[in-house]
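Colleague: fold the following and give me the result.
(one chain, ligands or ions: 2)
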Amino acid sequence: MLVARGLHILEREVAPHNRTRYAVLGPELAVPTGYDATAFITRPLEDRLGMLVDILGEFSRRGINILDMRAENDVKTQKLQIYIEAEGHIQDPVMADAIAHVENRVIQVPGAIRLLGSFPRLDMRVKYIRSFGFIGTGDMSKWFADRLQHEGYEVLLSGRSTTLRPEEMIDQVDVVVVCVPISATVETIRRYGPRIQDGKALILLAGESETTLDAALEVTGPGVEVMLVHNLWGPQTATMKDKNAIVVRTPRSGRLCTEFEAFLYKHGADIFHDSPSKHDLLMGVGQKLPTVISVALAMTLEANGITSEDIASHCTLTSLYPILAMARVHSQNPRTYAEIMSTSGASRKIVHDFLDNLARVSVMADQARISELCRLIDHNSDYLTPEFLQARMAQAKAVDQVLGRMVQGAGVRLPEADS
Ligand SMILES: NC(=O)c1ccc[n+]([C@@H]2O[C@H](COP(=O)([O-])OP(=O)(O)OC[C@H]3O[C@@H](n4cnc5c(N)ncnc54)[C@H](O)[C@@H]3O)[C@@H](O)[C@H]2O)c1
Ligand SMILES: O=C(O)C(=O)C[C@]1(C(=O)O)C=C[C@@H](O)C=C1
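Modeller: Numbers count the residues shown, from 1 in each chain. Ligands and ions are numbered 1, 2, ... in the order given. Below you'll find the predicted structure:
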């Protein structure tokens, strides 16, 4: 995100497992919107009995709500450092007064507080959506329906097997969500999209973007909002916290779409915005190609009579990754992966280019053109950038520690993990 906005990264991974919570994007304070938050951090402090309670007291006495608070020992000085996020803008006299009191009366060290900024909060108070209606009653529809209901929305499910017909449902809801297999998405949009009235929204939950959004924009009226969300997690996942969600907005994505996006954000999803073609191209790499490779790998194992025991005992730290991907693909709904492999658009080019490159590398390998292969790997490493390689290698080492035991012997049971 920072690089995309033209910022220069000075140093990465300044501490192990650090996570950027704030980026200072400019020297000017954001203007008050009426629904803001202010974040500040103290310099390392001498701790004393009741310090935290006294700090919080300055805010609660003034009716200011604390949104987040962390107290940790500064790594270098081992002194207490407190981070606070409170509701309100620093230009509110009450907030300024509270912070001044904390610095002067409670901590009693001039300059002890460093203001990080005041910024608009994501406004989850005003809800424009009352109800969602799904077309498709499969696993992913149920997964989202459940969580939307917990959020207080009314949710209707309709499909081929329900007594509530999609055409009846559409008139009763504010947002229509199409969540059917990818190959049936365009046909479903064409069938039901024209029935959606202006002022409502059509949200597509699908793994293909360009063809589906084109159809949605074509068959719905100009007053219908349209957006696509591709959640990169399956229905066996417990929460969307830290899972990637690709959001493809269109010129017709308005406040109803924003409210759905805010729901993903509130539940901790990592949101990325793509254009339709960028989504399809990148999912070629992120999803379609690994799926195709996984299926082809399983076929190759069978063709050579290689058993599961053989794989476990002979896989290396490096070959573990494609084997894990193969196992995921072959342990879930086969239709999901058959659909993924069949998506159209830019993702197809990725697989075709890969096959061309595979053939080229395979010839070089068969002819033992070792120095040429070394140059190729060097060239690829330059393209991938040392920063990327170092960061991923660090992750791979962490994974090695957990999963490496599999390499040491067949039949090692792995701990149950939340996917
Ligand atoms: N399953 C996943 O891991 C996952 C993850 C992210 C996104 N998605 C997306 O969610 C969508 C649905 O996936 P799912 O896992 O819920 O699938 P699913 O197979 O569990 O359910 C699909 C639903 O669509 C209905 N359906 C099937 N063919 C249809 C047709 N021709 N016309 C109308 N309805 C039809 C089925 O009856 C079923 O109710 C897909 O577009 C997929 O890309 C799935
Ligand atoms: O459950 C998983 O392993 C997933 O990542 C789910 C998965 C995938 O395998 O690609 C399945 C379909 C979606 O389009 C996105 C993600």
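
Colleague: C-alpha only now, for contacts and for neighbours.
Modeller: Fine.

Colleague: which strand residues bridge Ala37?
Modeller: Bridge pairing for Ala37 (DSSP bridges) gives the partners Glu87, Phe119.

Colleague: so which residue is dead centre in the chain?
Modeller: Nearest residue to the geometric centre of the chain (C-alpha atoms, centre = their mean): Asn244, 1.8 Å.

Colleague: what pLDDT does it get?
Modeller: pLDDT for Asn244: 97.

Colleague: go ahead and confirm it touches His267.
Modeller: No: using C-alpha atoms under 8 Å as the test, Asn244 is too far from His267 to be in contact (11.6 Å).

Colleague: against ligand 2, how distant is the residue nearest to the centre of the chain?
Modeller: 9 Å (C-alpha to the nearest ligand atom, to the nearest Å).

Colleague: cool, and Ala37?
Modeller: 34 Å.

Colleague: surely that residue and Gly88 touch.
Modeller: Yes: between Ala37 and Gly88 a contact is recorded at 4.8 Å, counting by C-alpha under 8 Å.

Colleague: which residues do those two both contact?
Modeller: The contact sets of Ala37 and Gly88 overlap at Ser118 (C-alpha atoms under 8 Å, 6 or more residues apart in numbering).

Colleague: neighbour count winner among the two?
Modeller: Counted by other C-alpha atoms under 10 Å, Ala37 and Gly88 do not tie: Gly88 has more neighbours, with 26 against 22.

Colleague: need the pLDDT of that one.
Modeller: 93.

Colleague: contact residues of the stretch 251-400 of the chain facing ligand 2?
Modeller: Within reach of ligand 2 by C-alpha under 6 Å from any ligand atom, the stretch 251-400 of the chain has these residues: Gln287, Arg328.

Colleague: enumerate the residues of the stretch 251-400 of the chain near ligand 1.
Modeller: So the stretch 251-400 of the chain meets ligand 1 at Thr336 (C-alpha under 6 Å from any ligand atom).

Colleague: any low-confidence regions in this structure?
Modeller: Scanning the chain for pLDDT under 70 picks out 1, 12-25, 123-125, 404-419.

Colleague: okay, domains of it per the record?
Modeller: Here the domain assignment for the chain is 3-120, 131-274, 279-409, based on automatic domain parsing.

Colleague: run the chain-centre distance for the longest one.
Modeller: So the one you mean is domain 131-274. For domain 131-274, the distance from its own C-alpha centre to the chain's C-alpha centre is 17 Å (C-alpha atoms, centre = their mean, to the nearest Å).

Colleague: same question, stretch 321-338
Modeller: Taking C-alpha atoms, centre = their mean, one finds the center of stretch 321-338 at 20 Å from the center of the full chain.

Colleague: before we move on, the earlier item: deepest of the domains of the chain, which one?
Modeller: domain 131-274 (a mean of 19; mean count of other C-alpha atoms under 10 Å).

Colleague: how close does Ala86 get to ligand 1?
Modeller: Ala86 sits 35 Å away from ligand 1, going by C-alpha to the nearest ligand atom.

Colleague: quick one: the residue nearest to that residue when sequence neighbours are not counted from Leu29, how far?
Modeller: Spatial nearest neighbour of Ala86, chain neighbours left out: Ile66 (4.3 Å); criterion: C-alpha to C-alpha, 6 or more residues apart in numbering. Counting by C-alpha to C-alpha, to the nearest Å, the separation of Ile66 from Leu29 is 20 Å.

Colleague: Gly268 too?
Modeller: Gly268 sits 26 Å away from Leu29, going by C-alpha to C-alpha.

Colleague: repeat that for Asn304.
Modeller: To Leu29, Asn304 is 65 Å away according to C-alpha to C-alpha.

Colleague: what's the answer for Ser347, then?
Modeller: Here Ser347 is placed at a distance of 42 Å from Leu29 (C-alpha to C-alpha).

Colleague: what do you get for Arg392?
Modeller: Taking C-alpha to C-alpha, one finds Arg392 at 35 Å from Leu29.
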